[in-house]
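Chemist: Predicted structure and sequence below. I'll ask about it afterward.
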Amino acid sequence: MKVKFILNGKPVELDVDPRETLIDTLRLRLKVKSVKRGCERGECGSCTVLINGNPVISCILLTIQINGAEITTVEGLVGDILLEKLAKNFIDNGAIQCGFCTPGILLTAYAGIKQGKIKKSEDVKEYVNNLCRCTGYVKIIEAIAKTADEVWGHER
Amino acid sequence: MSVEFMFIGKRTPRKDAEAKVTGMLKYTYDLEVPGMLIGRIVRSPYAFADIRRIDVSEAVKMGAIVVTPSDIPQKPYNPRLVSINEVTFKDTYILTYKPRYLGEPVAAVAASSEELAQKAAECVKIEFEKIYKPILDPLEAMKPESPRIHEKIMKGDKWIEVENNIAARLDYDEGDVNRGFEEADVIVERTFKTGKRYHMQLEPKAVLVVLEPGGKLTIYTTTQTIHNTRILISQLFDIPESRINVVRVPIGGSFGSSIQTNYLVPIAVALALKAKKPVKIAYTREEDILDHSNFVFHFKIKIGAKKNGVFAAAEFINILDVGAHQVQPYPLLGTSLGWFISMYKWKNIRYRGIAVYTNKVPGCALRGYGAPEVQWAVETLVDEIAEKLGIDPIDLRLKNYVGKGEIFWGQGPTVKSIIKSDGVPELLLKGKEIIRWSERGHPSEKKGRFRRGIGVGRGFHTSGAGGPISGEVIDYTGCILKLNEDGTLDYITALQDHGGGTLDAHVKIIAEELGIPPELVNIATASTETTPYDVCTHASRGTYVGGECARRAAQIVKQKILEAAIRIIGRVVNPEALRIGYDKELKQAVVYVEGTDIKLTLAEIARTSWQRNWGTIGAFVSYRATSAPPSFTVYYVEVEVDTWTGKVKPIRVVAGADVGTPINPDMVEGQLHGGFVMAWGMAFTENTAYDPLTGEIMGRGLITDYKIPTAADVPTPEEFTVIIAKTYEPTGPFGAKGLGEAAMNPAVAAILNAVYNAIGIRFYELPVTPDKIIEALKEKGELEW
């Protein structure tokens, strides 16, 4: 089946098997390797991408379902001010260990902050449900909350 | 001891952070090479069976490459090579006609895509000769009438008979236990059982095997030890080590699951050798659960104490459910004993350790190698004894713990050393104040739906498995450090970083020793053919053993830099007159003589050595630590139990760590946060339960049914306090010790002691799920609905 979408700002047109998942399209065909395969059951969030700005788990989504949508991965946010702030706070705060969950968590946090759903640390605990096995989330919550404060702090 | 450092102890960003936040860092599963085939494994649908025949004709017709046990050397092996050969028990076959757990690999296929490989795998027909009822309970397995899961296995190079499904034994006696118990005023005896936990490292295991021109093999895989992976493949396939190169690839967490070479590695090698093409295999999450999980521990522990709060005797019976194959439960029998002995001065000890086969996924190490389990049991009992004796639990701990000047069993009976640094009193007493211990109250005073309680747990882990005497455990490392022609350095080591920042710690240690900024030190890509041997990143040895090796290399390089500087300057008499430091104006490392204007940049020295043909300034060090010091940890936890739902919530955590000198406080905190949260999962949710009839993991191994904590389950950052003891380990690099496992070990005990303090109930079987809490409250007549 023919499918068209925008990936990180560039138009993509593909002929895919209707059973193909978005994670496979991204990783195997389009070589977007930041999208990690962690469980293929929609549990771990390592394969999170942004679809029209919303964080979506790409392992339980068929590629044909995203026809016409805009897909963003961390590769597409190089130079983006909010992502750079987030990344900087992750790095400075020691919120990165093995790094396997990092791109997915960054995207979830990015959408949450941008949409105003994350403004403080309690919001992070509600909104970010990606799994991480190394950090115990504490530094991740801090890094995201700090970024949210930089963006939304003036409102409070 | 207080030492002012330039880089050590400072919060510094890790070198791989940039690649991690941009998604550019490549893990094994991200690697691709042209012409690569994808492998899939055909697994036994039965937990215990004899296979008559494997029909691969359909799969071959599809064009797939197929391997069965008949194509593969039938040599028994043990995938974990950390112990010396004489005590390595070998019972595993790369592929087998006699599957002993549901999911054991029996054949494998490779095709040009994952989809085709999967189709081919599904076409492989297995004809069974006999299907047996699985044996899942180790106590059942030990009965003489139970069928034998293994008949003959190899211990070292000798075949041995397996009796009563006992995989290995270890007994130990010290003093007169019977008399000790006779003299005791209080005796507490309990049985404990843990869950069969799964590592749930975020990256499922993967491997890529590439046949280089000329037949050499290059292997990329998720491993904690590139060298042991090479040795094992060499032994299994009779290929010289010089024709195998295992590359160190970033790994997405591990927690002990790749101390052994994961089963998919030799399978991929067999496929690649047959296909004469590169082969990649990546487990699905469900396959990953079939590859590794923890041992199940069945403890019976009896402790006797005297009225004055001194212990009199201890008896410890440890029955390990090892699953279908040995991934070295024998050393675990030793470490379990070691953790037990090193907790408190029991005076008289009797230990019986028995490792028993069952038809479950082979058990392997999981962060702590028995210490979280032993410390949970011991710290529960110590609390019970304190209550019976009417002594404050903290005082009882301070009175009896094994500390400075005493012998620590770093890794079982053959790895012992003297404790030289000890932050236990500091951590226990500071933590007590922060958590407000004195206000914790007694469970009998607590009423209502939500009840809060405070608990303590004290423990430790070793830093490595070194020691003055060479024992049953192999522990040494090595590295190369060289000064480049522009004054930067390449640091070359086989040691793997699981994500904890171990290699960044090494860089800071090198920088500190040389007096140069860490930015000048490059962590080189590494593989077995370019690095000296390192046993494995396990046993919390990365910073302590690897870091000291790096420091020694830096010391040698420093001396050579100074000698080169003398040659350039001409007037200086000997290297001791020279200093290396960072020049803020020049923004580079310089060699200078104090009180003079003599100053050379490191870049000038490197350049001159190169231009004048003096040769490379560098060092090659192979290092064995002669000590394995304990890193002590103390947890104080406040929980809230919802007596209506049986759910428990963490309210406050005080995590105290004696890591000697902290190399990077951010990483110390990160280990403690992660360790606590992993302990939370161990305490309340994590277990792979088996269907008693089929021997299949319930829920088919989908992680939908294996719940690890999420961000919603952890305390808020403001309520998580970390205290780092002010200690200095004289045998460690700049006073440092390990942390990865100590960070978790005593946390489960603290959590469950807090549950006791909240509701007055103790639990002896993990995980403590809400239904168990509700059931126990009901029995106690305290269920309010």
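Modeler: Good, I have the coordinates. Numbers count the residues shown, from 1 in each chain, chains lettered A, B, ... in the order given.
Chemist: Please count neighbours and contacts with C-alpha atoms only from this point.
Modeler: Will do.
Chemist: helix/strand/coil for residue 42?
Modeler: All of this is about chain A. What DSSP: H, G, I helix; E, B strand; the rest coil gives for residue A:42 is coil.
Chemist: wrong one, I was asking about chain B
Modeler: Following three-state DSSP, residue B:42 is assigned to strand.
Chemist: Check the gap between the residue nearest to it when sequence neighbours are not counted and chain A for me.
Modeler: In this structure, residue B:42 finds its nearest non-sequential neighbour in residue B:107, 4.9 Å apart by Cα to Cα, 6 or more residues apart in numbering or on different chains. From residue B:107 across to chain A, the span is 23 Å (Cα to the nearest Cα, to the nearest Å).
Chemist: helices and strands around the helix or strand that contains residue B:107, which ones?
Modeler: Here residue B:107, judged by DSSP states H and E, is contained in strand B:105-111. Applying 3 or more Cα pairs under 8 Å, 6 or more residues apart in numbering or on different chains; DSSP states H and E, one finds that strand B:105-111 contacts strand B:37-43, strand B:65-67, helix B:114-123, helix B:264-275.
Chemist: My guess is residue B:590 contacts residue B:601. True?
Modeler: Yes. Counting by Cα atoms under 8 Å, residue B:590 touches residue B:601, with 4.1 Å between them.
Chemist: Could you list the low-pLDDT ranges of chain A?
Modeler: Residues of chain A meeting the criterion pLDDT under 70: A:156.
Chemist: related to what we said a few turns ago, can you get me a residue count around the residue nearest to residue B:42?
Modeler: Neighbour count of residue B:107, defined by other Cα atoms under 10 Å in any protein chain shown: 27.
Chemist: quick one: strands adjacent to the strand holding residue B:107?
Modeler: Partners of strand B:105-111 in the sheet, by DSSP bridges, are strand B:37-43 (antiparallel), strand B:65-67 (antiparallel).
Chemist: what inclination does it have with respect to helix B:114-123?
Modeler: 140 degrees (axes from the mean of the first three to the mean of the last three Cα atoms, to 10 degrees).
Chemist: Quick one: mean pLDDT for strand B:105-111?
Modeler: Mean per-residue pLDDT for strand B:105-111: 98.
Chemist: Pull out the buried positions in stretch B:477-492.
Modeler: Neighbour-count burial for stretch B:477-492, counted by 16 or more other Cα atoms under 10 Å in any protein chain shown, picks out B:477-485, B:487-492.
Chemist: Among those, which are located in helices?
Modeler: Cross-referencing these against helices under DSSP state H gives no overlap.
Chemist: Now for those residues: which two are most distant?
Modeler: B:477 and B:485 (26.5 Å; Cα to Cα).
Chemist: The stretch 401-550 of chain B: helices as residue ranges?
Modeler: B:424-435, B:502-514, B:547-569 (DSSP state H, counting those that start in this stretch).
Chemist: Of all these, which one is nearest residue B:652?
Modeler: For the helices of the stretch 401-550 of chain B, proximity to residue B:652 was assessed by Cα to Cα; helix B:424-435 is nearest, at 7.7 Å.
Chemist: who touches that closest one?
Modeler: For helix B:424-435, the external contacting residues (Cα atoms under 8 Å, 6 or more residues apart in numbering or on different chains) are B:394, B:398, B:403, B:438, B:454, B:632-638, B:652-658, B:723-725.
Chemist: could I get the helices and strands packed on strand B:105-111 as JSON lines with mean neighbour count and mean pLDDT?
Modeler: Formatted as JSON lines, the helices and strands packed on strand B:105-111 follow (neighbours: other Cα atoms under 10 Å in any protein chain shown; pLDDT from 0 to 100):
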{"stretch": "strand B:37-43", "mean neighbour count": "27", "mean pLDDT": "98"}
{"stretch": "strand B:65-67", "mean neighbour count": "24", "mean pLDDT": "98"}
{"stretch": "helix B:114-123", "mean neighbour count": "20", "mean pLDDT": "97"}
{"stretch": "helix B:264-275", "mean neighbour count": "24", "mean pLDDT": "98"}
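Chemist: returning to that earlier point: closest one to residue B:123 among the strands paired with strand B:105-111?
Modeler: Judged by Cα to Cα, the one of those that comes nearest to residue B:123 is strand B:37-43, at 9.7 Å.
Chemist: I'd like the next helix or strand past that closest one.
Modeler: Sequence-wise, the next helix or strand downstream of strand B:37-43 (DSSP H and E) is strand B:49-55.
Chemist: Could you name the helices and strands sitting against that following strand?
Modeler: Packed against strand B:49-55 by the contact rule (3+ Cα pairs under 8 Å, 6+ apart) you find strand B:125-131.
Chemist: Sheet-wise, list the partners of the strand it packs on with their directions.
Modeler: Strand B:125-131 has its sheet partners listed here by DSSP bridges as strand B:49-55 (antiparallel).
Chemist: Give me the longest helix you can find in chain A.
Modeler: helix A:138-152.
Chemist: give me the number of residues near the residue nearest to residue B:83 when sequence neighbours are not counted?
Modeler: Distances taken as Cα to Cα, 6+ apart place residue B:473 nearest to residue B:83, at 4.5 Å, with adjacent residues excluded. Residues within reach of residue B:473, counting by other Cα under 10 Å, total 21.
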